[in-house]
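# Predicted coordinates and the sequence they were generated for:
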Amino acid sequence: MLDRLGWQTAGVTERDLLIVSENPLNAETILERQTGPITLAGRHYVRTHFPIPNPRPEIAIDGAVRAPTRLSLDDVRKLPPRTIAVTLECAGNGRKFFEPKAPGEQWGLGAVGTAEWTGAALRDLVEGAAPLPGAIEVLFRGADQGVPKDLGTQIAYERSLPISDALRPDVLVAYAMNGAPIPAEHGGPLRLVVPGWYGMASVKWLTRVTLLERPFRGFFQTDRYVIDGQPLREIAPRAVIVAPVEDAEILAERSAARITVRGYAWSGAAPIVRVEVAADPASLIEAQRLLHWRRARLGPATDHAWREFSLELLNVLAGSGIMEMDLTARAVDAAGNVQPHTVVPNALGYANNASRTLRIRVSAR
């Protein structure tokens, strides 16, 4: 059990997550176990920067407002509720595939998950405090604190949003995850959920909301979660194959193998409208590969959650033996963004949405 050091709830075991680091806890969703659109809380990826805190169940709202206020968990629950299925993805997802190696947690592809979040619209909380006309950003502070190894001083986790983005009706102060109180490792009792943005925006253990009349310049806004000095925003499109898994062996019947490719695709910039899968013999050289994309069937669409995709492939073997195949998927969203096949490097290893090719073996009986 992962509660042995006191920084993880007792309902999660090592079998449910792929542990990247233990203290602080960072763990991936095991995507090959994902079925259906919703990720169980105990199998949803976890990102923490510092030890998990035990905050009071209340939020202060201050700064450029006429009526600073403090709301308890019960106060938030009395506001009109919304439930939204949201795919959250860590900005470092895919970092382990950078060459040369980028600093930070070495995430594979499982720093992503989809849950149903229930809470009040942030704008309902903020409007009750009467924002001043000069407010341009909203700063969110989590109760978690620590000393980043390259900063040398203790800070809290803080991140801001432009006020126009923060006051969208789908930005939530959430108190429930999949219909139950939010577990401690996922930011309970109260956390921010910002659909479409990388997970760094969805501040956990939310304790303070401050309206600002000038841009926030804190560590996690200007030194981290940036590319070329610009703060990260919307999630880039990505499709991930979850079945078959890497190195799977498919047995052919009568020299033909039917292969079901299954996976998930998502984008924060616009809804996913197409997923394509390429299946090529591994014997092809790179210049010949990925030429024949096949359109996958998409599952139901929702505004802020990933879409399942599937494709049936019929592979014919010439005689007996083993044939290796490479499978790759790519996503396209409604804004025309296409998932790339090559990695675009950056200093801190963020937003690596390059497609990944997995190899399987097809063998005749």
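Arrived safely, thanks for sending.
# tally of neighbours for residue 81?
Using other CB atoms under 10 Å, residue 81 has 15 neighbouring residues. C-beta: built from backbone N, CA, C; applies to glycine.
# Test for you: state the pLDDT assigned to it.
Looking at residue 81, its pLDDT reads 98.
# The residue lying closest to it once chain neighbours are set aside and residue 68: what is the separation?
Residue nearest to residue 81 in three dimensions, not counting chain neighbours: residue 118, with 5.8 Å by CB to CB, 6 or more residues apart in numbering. Plainly put, residue 118 is 26 Å away from residue 68 if you go by CB to CB, to the nearest Å.
# quick one: which of the two has more around it?
Ranked by neighbour count (other CB under 10 Å), residue 118 and residue 68 place residue 118 first, with 20 against 13.
# And the host helix or strand of the more buried one, how far out from the chain middle?
Using DSSP states H and E, residue 118 sits in strand 112-121. Strand 112-121 sits 12 Å away from the centroid of its parent chain (CA atoms, centre = their mean, to the nearest Å).
# And the helix or strand just after it, what does it pack against?
Using DSSP H and E, the next helix or strand after strand 112-121 towards the C-terminus is helix 122-127. Applying 3 or more CB pairs under 8 Å, 6 or more residues apart in numbering; DSSP states H and E, we find helix 122-127 packed against strand 58-63, helix 163-166, strand 172-177, strand 206-212.
# For the spatially most central residue of the chain, give me its contacts.
With distances taken as CA atoms, centre = their mean, residue 89 lies nearest the centre of the chain, 1.0 Å away. Counting by CB atoms under 8 Å, 6 or more residues apart in numbering, residue 89 touches 111, 112, 198, 199, 235, 238, 266, 268.
# can you pull out the strands in the stretch 1-150 of the chain?
17-21, 26-29, 46-47, 58-63, 69-72, 81-89, 112-121, 137-146 (DSSP state E, counting those that start in this stretch).
# For my notes, please list the contacts of residue 89 in TSV and give neighbour count and secondary structure for each entry.
Shown next, in TSV, are these (neighbours: other CB atoms under 10 Å; DSSP: H, G, I helix; E, B strand; the rest coil):
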residue	neighbour count	secondary structure
111	26	coil
112	26	strand
198	24	coil
199	24	helix
235	27	coil
238	30	strand
266	25	strand
268	23	coil
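# tell me which of those is nearest to residue 257?
Distance to residue 257, by CB to CB, is smallest for residue 238 among the contacts of residue 89, at 27.2 Å.
# about what we covered before: using CSV, please lay out the strands of the stretch 1-150 of the chain together with distance to residue 250.
Output for the strands of the stretch 1-150 of the chain, formatted as CSV (distance: least, CB to CB, whole Å):
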stretch, distance to residue 250
strand 17-21, 24
strand 26-29, 25
strand 46-47, 33
strand 58-63, 52
strand 69-72, 55
strand 81-89, 29
strand 112-121, 26
strand 137-146, 45
